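# With the input below, show me the fold.
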Amino acid sequence: MSEPVPEDYVEDDVIWPLMVQLQQCLCETLTTRGLMPGDCFCGVLPGDQVIWDYKEGMAWVRLATAYPTTTFPNIDNTLRGSCTAGLGATLEVGVLNCAPGISASGNLPTEFDQFEATRLQLATMRAMHQAITCCGFDLAILGQYQPLGPQGGLVGGFWLVDVGPGN
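Presented below is the predicted three-dimensional model:
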């Protein structure tokens, strides 16, 4: 059972709505393109790393960093203690799919299995790109795509995207 929310609790009204909007765009884009991994988790994740617990695959949006800014996307370190700075954030948008592995009889993945896993990885990379760039963010800066895995039977990658005040 979860703890009751304190009466003075104030939900973040800057980064949280952007994360939810991006997660919805991501899940919709993957579903529309037929790329939603297996019996997949597609949601917002907390913490400083993604745990690969969903063995059928997963898609996520996660806060990587947040920072004060008056001139997005620049971090403004002179605003310590200032209540006038806006918030910028770097979000991680990722997808993991099942990776080809050694069969129960000990056979290595075939060339075709590796080819298809690579094709799927790049298709989901492109779908994530579309979800990020077509999601309606006015102030967003797309970073680089980073491949992940294969590890634990999963392979994929993530994009970093900076979002700022005014979205």
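# for this protein, what spans make up the helices?
In the chain, the helices defined using DSSP state H lie at 15-32, 111-133.
# what is the mean pLDDT for the first one?
Okay, so that is helix 15-32. If you average the pLDDT over helix 15-32, you get 94.
# Which secondary structure elements does it sit against?
Judged by 3 or more Cβ pairs under 8 Å, 6 or more residues apart in numbering; DSSP states H and E, the packing partners of helix 15-32 are strand 41-45, strand 58-69, strand 86-98, helix 111-133, strand 154-163. Yep, even glycine has a C-beta here, placed from its N, CA and C like the rest.
# Now tabulate those in JSON lines and tack on mean neighbour count, mean pLDDT and distance to residue 19.
Written out in JSON lines, the entries for the helices and strands packed on helix 15-32 read as follows (neighbours: other Cβ atoms under 10 Å; pLDDT from 0 to 100; distance: least, Cβ to Cβ, whole Å):
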{"stretch": "strand 41-45", "mean neighbour count": "17", "mean pLDDT": "95", "distance to residue 19": "5"}
{"stretch": "strand 58-69", "mean neighbour count": "20", "mean pLDDT": "92", "distance to residue 19": "5"}
{"stretch": "strand 86-98", "mean neighbour count": "23", "mean pLDDT": "93", "distance to residue 19": "6"}
{"stretch": "helix 111-133", "mean neighbour count": "16", "mean pLDDT": "96", "distance to residue 19": "12"}
{"stretch": "strand 154-163", "mean neighbour count": "22", "mean pLDDT": "95", "distance to residue 19": "9"}
